[in-house]
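Colleague: how would this look folded up:
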Amino acid sequence: MSDVQDFTGSTGRSETREEQLDRNWAELLQELRVLQTGVQILAGFLLTLPFQQRFEGLDDFQVGLYLVNVVMATLTTAFILLPVSVHRRLFRQRLKETLVSSADTITKIALAGVGMLSVGTATLVFDVTAGRTAGLTAGGILLAVLLVLLIYVPLRLNRRAAER
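Modeller: Residues are numbered from 1 along each chain as shown. Modelled structure (predicted):
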């Protein structure tokens, strides 16, 4: 008799726990690939700025915001790479559930990093091109929009699905 049992989870799929974990792992990796592309584009943009003539004209706030954005890009990249590193350490140890669970949490942190990096980069661009008030206003509005899109909308959809 097999020690692996078929079950139908909340998705209505008939799959073993191992199959479900494999599918979840593959889905998380695909999400991380999408995040990685966005972070690479933003980080690449940030890394070119010091080599522009106009960079020398930045005030202390702008330089500080720039450096915070570089740190956010670096940390977000590290969080995007972390599930792969964890996978390498847990490979063939029959810890797929731990891997998928930790990768889920790590991906949520990476999403927050991408959101903060996006807001910070837009704030810097608006500040440099349109002034401090425009930069802070754009940053505040974008932060509010991203909070709605990245936190409220998924929570609302989850709540609506639970009500059905």
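Colleague: going forward, measure contacts and count neighbours with C-alpha atoms only.
Modeller: Fine.
Colleague: ranges for the helices of the protein?
Modeller: 17-48, 60-90, 96-130, 132-147, 153-163 (DSSP state H).
Colleague: so which of those is the most packed in?
Modeller: By mean neighbour count, with neighbours taken as mean count of other CA atoms under 10 Å, helix 96-130 ranks first of the helices of the chain at a mean of 19.
Colleague: Ignoring the adjacent residues along the chain, who's closest to the residue nearest the centre of the chain?
Modeller: Nearest to the mean C-alpha position of the chain, by CA atoms, centre = their mean, lies Leu111 at 2.1 Å. Using CA to CA, 6 or more residues apart in numbering and skipping residues adjacent in sequence, the residue nearest Leu111 is Leu35, 7.4 Å away.
Colleague: Could you report the separation of the one you found from Leu81?
Modeller: Distance, Leu35 to Leu81, by CA to CA, to the nearest Å: 10 Å.
Colleague: go on, Leu49?
Modeller: Taken as CA to CA, the span from Leu49 to Leu81 is 25 Å.
Colleague: now swap in Leu111 and tell me
Modeller: For Leu111, the distance to Leu81 - CA to CA - is 13 Å.
Colleague: can you list residues touching both of these two?
Modeller: Counting by CA atoms under 8 Å, 6 or more residues apart in numbering, Leu111 and Leu81 have no contacts in common.
Colleague: before we move on, back to that, if I pick the residue nearest to Leu111, what's in contact with it?
Modeller: Leu35 neighbours (CA under 8 Å, 6+ apart): Ile80, Ala110, Leu111, Val114.
Colleague: I'd guessed Ile106 sits against Leu82; true?
Modeller: Yes. Ile106 lies in contact with Leu82 (CA atoms under 8 Å); the separation is 7.5 Å.
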